[in-house]
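**Q** here are the coordinates; sequence isn't available:
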């Protein structure tokens, strides 16, 4: 069904075969590029931000967060009281020591003909569903 969100998953770790999986349950993110996804634990992935481009090459940027439960094949949008500004092309990691998703940089799009590059750092506490901007200094 072309209406269902899809993903590819590895059939087994012993084989290098992939199969198309449908994740029809829950609230899935819209199609996008330049987003980030981190592995939180043996069950969950977290997706943040990204963007989509229309036929006129105009970008729409996102600031939403989604969790994919890989055991239940179910997406859920994570509502948070605060979140990073909309962005695409950022980087993200999951820090096991702090149990946080860390996001840095990216672009907020073009303003007055100039690409707006971001240099902020945000941390998401997945369990508490809270984004917090981190104070960072110059290197």
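**A** Received it, and whenever you're ready, just let me know what you need. Because the structure is a prediction, the values reported are computed rather than measured.
**Q** show me the shaky parts of this structure.
**A** Under the criterion pLDDT under 70, the flagged ranges of the chain are 1-24, 137-139.
**Q** which stretches in it count as helices?
**A** Counting by DSSP state H, one finds no helices in the chain.
**Q** which residue, neighbours along the chain excluded, lies closest to residue 124?
**A** In this structure, residue 124 finds its nearest non-sequential neighbour in residue 101, 4.1 Å apart by C-beta to C-beta, 6 or more residues apart in numbering. Bear in mind the C-beta positions are built from the backbone N, C-alpha and C, glycine included.
**Q** is that neighbour in contact with residue 48, as I believe?
**A** Yes: Residue 101 is within contact range of residue 48, at 7.0 Å (criterion: C-beta atoms under 8 Å).
**Q** once you drop chain neighbours, what's closest to residue 127?
**A** Using C-beta to C-beta, 6+ apart and skipping the chain neighbours, the partner closest in space to residue 127 is residue 99 (7.0 Å).
**Q** neighbours of residue 54, how many?
**A** Using other C-beta atoms under 10 Å, residue 54 has 8 other residues around it.
**Q** about what we covered before: quick check: neighbours shared by residue 101 and residue 48?
**A** Common contact partners of residue 101 and residue 48 (C-beta atoms under 8 Å, 6 or more residues apart in numbering): 92, 124.
**Q** ok, back up a step: so the residue nearest to residue 124 versus residue 61, what's the distance?
**A** For residue 101, the distance to residue 61 equals 18 Å [C-beta to C-beta, to the nearest Å].
**Q** and if you look at residue 125?
**A** Applying C-beta to C-beta, the value for residue 125 to residue 61 is 23 Å.
**Q** more crowded one of the two?
**A** Remark: of residue 125 and residue 61, residue 61 carries more neighbours, 20 against 14, as counted by other C-beta under 10 Å.
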